[in-house]
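**Q** Mind looking at a prediction? Sequence and model below.
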Amino acid sequence: MRLLTEVWEQYSVAQNQAKRNVRRCARTSMETALPMLDAVVDRVKAAGEENLGVLNIPVKQIVGIASDIDKENYTADFLPLPSIKSEFAKKWTQLYMEYLTDRGMVDPIQCYEYLGKFYVIDGKKRVSVLKTNGAMMVKAEVTRILPVMTEDPQIQSYYEFVRTFEKTGLYQIKFTQPGNTDEFLKAIGYTPDHVWNESDRYSFIFNWYPFERALEVAFDGLLNITTADAVQILLKNHSYAELRNMPSCMLAELLQDAWLDMYRISNSDVKIRMNFTQKAS
């Protein structure tokens, strides 16, 4: 009974945070709704689709939805909006209880992947519960949408990621600009042609969260870079073993010290640079 009460309290906390986020977005003219896949890519004009099967994917990289079904129930970061007395809330709390069990959530979500980001087809409530709890990974049945190859650095970098993914099976090793992957892999102790096993992936992911947390603390989303971009910059002055043993707070300080290097590879608006300069000074 106590656990059930705590679960309902957690829904109330998440819903209140959702309402605050909506109000904040309204004041700053930010988008309050979940991004839609169709607004990002014309699937008819894409280079093709590939079924990748069931994978472990980073919850952080789940950014939107494949259709507008139920989109009114979520904020742009998947927090729940319906009343605590709603049927939605009842189902959400049931999934939360499932998440808390030893088995966790058994059924994989279904999603599309485009340019390394995920758009949910089925499993939005599960994603909401996972994001509310700060979960790192989730099982997902993934269909990749391939963009048409162009001279755009973002597209070239993505195809470099696709080639690397065939060896690593990881979505975390992705860069904003092409040409960084082989150097990064060597720096963390792997040859570019090494085929990663489950143990390799588990070890990498276990050590990766402090970097993600540090980037979040350092910039709070101000710079449009990947965690791999940030770590690559730190690797210029520190070994991977050294960085891996640092707490997130120390990593965040190193990232802030290197903010200009971060900005140079970011696609962020110049206003963000000015805001961060003021914040850092």
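**A** Here it is on my side, so go on.

**Q** any chance you could map the helices in the stretch 1-150 of the chain?
**A** 2-28, 37-40, 87-100, 124-132 (DSSP state H, counting those that start in this stretch).

**Q** domains of this protein?
**A** Listed by automatic domain parsing, the domain ranges of the chain are 1-148, 149-281.

**Q** Name the nearest residue to Pro147, ignoring sequence neighbours.
**A** Ile155 (5.4 Å; Cβ to Cβ, 6 or more residues apart in numbering). In short, each C-beta sits where N, CA and C put it, glycine included.

**Q** which ones are touching that neighbour?
**A** 147-149 (Cβ atoms under 8 Å, 6 or more residues apart in numbering).

**Q** Swap in 10 Å and give it another go.
**A** Residues near Ile155 by Cβ atoms under 10 Å, 6 or more residues apart in numbering: 47, 115, 146-149, 178.

**Q** Give me the neighbour count for Asp70.
**A** 14 (other Cβ atoms under 10 Å).

**Q** in this structure, what spans have low per-residue confidence?
**A** 1-2, 267-281 (pLDDT under 70).

**Q** show me where it has strands.
**A** 48-58, 62-65, 109-114, 117-122, 137-146 (DSSP state E).

**Q** quick one, which of those strands is nearest to Lys131?
**A** The minimum distance between Lys131 and the strands of the chain falls on strand 62-65, with 7.6 Å, by Cβ to Cβ.

**Q** Show me what the closest one is packed up against.
**A** Secondary-structure packing of strand 62-65 (3 or more Cβ pairs under 10 Å, 6 or more residues apart in numbering; DSSP states H and E): helix 37-40, strand 109-114, strand 117-122, helix 124-132.

**Q** how far is that strand from where the chain is centred?
**A** Its chain's average C-alpha position is 9 Å from that of strand 62-65, according to Cα atoms, centre = their mean, to the nearest Å.

**Q** contact partners of that strand?
**A** 33-40, 71, 74, 76-78, 109, 111-114, 116-121, 123-124, 127, 130-131, 138, 140.

**Q** right, so the helices of the stretch 1-150 of the chain: which one is the most enclosed?
**A** Most buried of these, by mean neighbour count (mean count of other Cβ atoms under 10 Å): helix 124-132, with a mean of 23.

**Q** That one packs against which elements?
**A** Short answer (3+ Cβ pairs under 10 Å, 6+ apart): helix 124-132 packs on helix 2-28, strand 62-65, helix 87-100, strand 109-114, strand 117-122, strand 137-146.

**Q** which of the residues in the fourth one are buried?
**A** Going by neighbour count (16 or more other Cβ atoms under 10 Å), the buried part of strand 109-114 is 109, 111-114.

**Q** now those residues in TSV, with distance to Ala230?
**A** Output for the buried residues of strand 109-114, formatted as TSV (distance: Cβ to Cβ, whole Å):
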residue	distance to Ala230
Ile109	27
Cys111	25
Tyr112	26
Glu113	22
Tyr114	22
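
**Q** Tell me the one of the residues you listed nearest Gln172?
**A** Using Cβ to Cβ, Glu113 comes nearest to Gln172 of these, at 13.5 Å.

**Q** What about the closest residue to that closest one other than its chain neighbours, how many residues nearby?
**A** In this structure, Glu113 finds its nearest non-sequential neighbour in Arg144, 4.8 Å apart by Cβ to Cβ, 6+ apart. Residue neighbour count, defined by other Cβ under 10 Å, stands at 17 for Arg144.

**Q** what does Tyr209 give?
**A** If we define neighbours as other Cβ under 10 Å, then Tyr209 has 17 of them.

**Q** close enough to count as contact, it and Ser248?
**A** Yes: counting by Cβ atoms under 10 Å, Tyr209 does reach Ser248; the two are 8.4 Å apart.

**Q** ok, back up a step: for the residue nearest to Glu113, list the residues it contacts.
**A** 46, 48-52, 112-116, 162, 165.

**Q** Dump these to TSV, plus distance to Gly221.
**A** As requested, those are exported to TSV (distance: Cβ to Cβ, whole Å):
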residue	distance to Gly221
Ala46	28
Gly48	32
Glu49	30
Glu50	30
Asn51	32
Leu52	27
Tyr112	23
Glu113	21
Tyr114	20
Leu115	18
Gly116	17
Val162	26
Phe165	25
